[in-house]
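Chemist: following is a predicted model, sequence given first.
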Amino acid sequence: MFFVSDDVVTKSGRRYRGRLAPSPTGLLHIGHARTFWIAAQRAIERRGTLILRNEDLDPQRSRPEFARAMIEDLRWLGIDWSEGPDCGGPYSPYSQSERRNHYLQAWRRLRDSGFIYPCICSRKDLAQSASAPNDADDEPIYPGTCRERTADPFHTPAGVNWRFRVPDGEPIEFTDLNLGRQRFLAGKNPKNDFGDFMVWRRDDVPAYQLAVVVDDAAMQITEVVRGADLLKSTARQLLLLHALGYGAPGYFHCELVRDAAGARLAKRHDALSIRYLREQGMTPKEVLALAGWP
Ligand code: GLU
């Protein structure tokens with residue numbers, strides 16, 4: 001399946017709407033600074049609107065103090081948004097923990113149209129699926145054991161995991177506005193790029209993939225700017241968008257900032273957090289230079 005996602009905005013003439021979508025599970029680091037700075041510049045250059053969405057979906061990992069810190073650090077860097085949890089806007093609320101009804105509606109539609117199925121396999125992937133997967137801790141490929149199960153007895157999602165039935169063995173292709181043509185193979189073969197992925201966890205928390213797609217559509221996002229660790233998630237999200245009947249935004253994935261050893265920066269690198277560098281007396285410009293900007 002090939003998805004044309006890049007020309008939607010220009011061709012439809014819709015006004016540019018971009019978003020910053022951090023998860024408050026730690027302090028933002030210079031990798032975020034770079035990605036969010038690029039997102040902000042793209043919105044400014046296109047005279048668009050920038051939105052801050054607080055992705056506090058996972059109650060176990062999200063902390064209000066990190067949500068406060070990310071707002072402060074982004075403002076300190078000089079990034080401005082005009083809709084968000086701190087300033088409101090036409091698509092409120094802007095915190096995922098307050099948007100459950102939207103996700104539930106999407107779950108019902110996917111259940112009724114047969115795109116998702118209940119999975120009773122006991123797996124340790126529960127903890128992973130509410131957070132955005134990056135390459136190292138991506139969701140394992142599901143072997144398809146529960147694929148033929150029917151959703152009929154379920155009126156609410158709680159109690160089992162819910163998975164999206166991907167087109168088995170099919171490539172999902174799209175053009176990234178920064179990194180060019182992308183191609184990922186979906187299906188249950190362990191060698192594929194991703195399998196039937198989680199959309200709702202048995203502990204009744206919607207998964208990252210579902211929440212992001214529902215919010216990007218509801219908030220009329222025309223372009224998604226984020227780190228290249230989420231490229232494979234874009235392929236999953238295109239399938240979800242298609243299943244829900246939504247058009248796809250454009251995608252611009254930024255190269256990741258790596259540490260001296262070439263490893264991806266994670267939130268645990270506290271010494272590279274914006275907060276720490278700021279406390280050391282660095283200016284926003286110096287932090288952005290350290291992040292490789294421009
Ligand atoms: N909330 C996700 C993260 O912090 C990013 C989601 C996205 O940009 O789609 O990794």
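Modeler: In hand now; what should we look at?
Chemist: L277: what's it in contact with?
Modeler: For L277, the contact set (C-beta atoms under 8 Å, 6 or more residues apart in numbering) comprises I30, E286, V287, L290. Every residue, glycine included, has its C-beta placed from N, CA and C.
Chemist: make JSON lines out of the residues you listed and add neighbour count and secondary structure.
Modeler: Compiled in JSON lines, those are given as follows (neighbours: other C-beta atoms under 10 Å; DSSP: H, G, I helix; E, B strand; the rest coil):
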{"residue": "I30", "neighbour count": "23", "secondary structure": "helix"}
{"residue": "E286", "neighbour count": "13", "secondary structure": "helix"}
{"residue": "V287", "neighbour count": "22", "secondary structure": "helix"}
{"residue": "L290", "neighbour count": "16", "secondary structure": "helix"}
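Chemist: just give me the closest of those to D112.
Modeler: Checking these against D112 with C-beta to C-beta, the nearest one is I30 at 44.3 Å.
Chemist: was I right to think that closest one contacts A291?
Modeler: Yes. The pair I30 / A291 is scored as a contact, 4.0 Å apart, by C-beta atoms under 8 Å.
Chemist: mutual contacts of the two, please.
Modeler: Common contacts of I30 and A291 (C-beta under 8 Å, 6+ apart): V257.
Chemist: show me where pLDDT drops low in this structure?
Modeler: Along the chain, the model assigns pLDDT under 70 to residues 4-12, 123-137, 260-262, 264-269.
Chemist: give me that answer again for 50
Modeler: 7-8, 125-127 (pLDDT under 50).
Chemist: that one against the ligand: which residues are in contact?
Modeler: With C-beta under 6 Å from any ligand atom as the criterion, the chain meets the ligand at residues A21, P22, S23, E55, A132, V212, R226, L230.
Chemist: can I get those in JSON lines with distance to D203, secondary structure and neighbour count?
Modeler: Formatted as JSON lines, the residues of the chain next to the ligand follow (distance: C-beta to C-beta, whole Å; DSSP: H, G, I helix; E, B strand; the rest coil; neighbours: other C-beta atoms under 10 Å):
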{"residue": "A21", "distance to D203": "22", "secondary structure": "coil", "neighbour count": "24"}
{"residue": "P22", "distance to D203": "23", "secondary structure": "coil", "neighbour count": "24"}
{"residue": "S23", "distance to D203": "17", "secondary structure": "coil", "neighbour count": "23"}
{"residue": "E55", "distance to D203": "18", "secondary structure": "coil", "neighbour count": "26"}
{"residue": "A132", "distance to D203": "18", "secondary structure": "coil", "neighbour count": "23"}
{"residue": "V212", "distance to D203": "19", "secondary structure": "helix", "neighbour count": "27"}
{"residue": "R226", "distance to D203": "26", "secondary structure": "strand", "neighbour count": "24"}
{"residue": "L230", "distance to D203": "23", "secondary structure": "helix", "neighbour count": "21"}
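Chemist: rewinding a little: farthest-separated two in the contacts of L277?
Modeler: I30 and E286 (10.5 Å).
Chemist: can you name the residue of the stretch 151-294 of the chain nearest the ligand?
Modeler: In the stretch 151-294 of the chain, no residue comes nearer to the ligand than R226, which is 3.6 Å away by C-beta to the nearest ligand atom.
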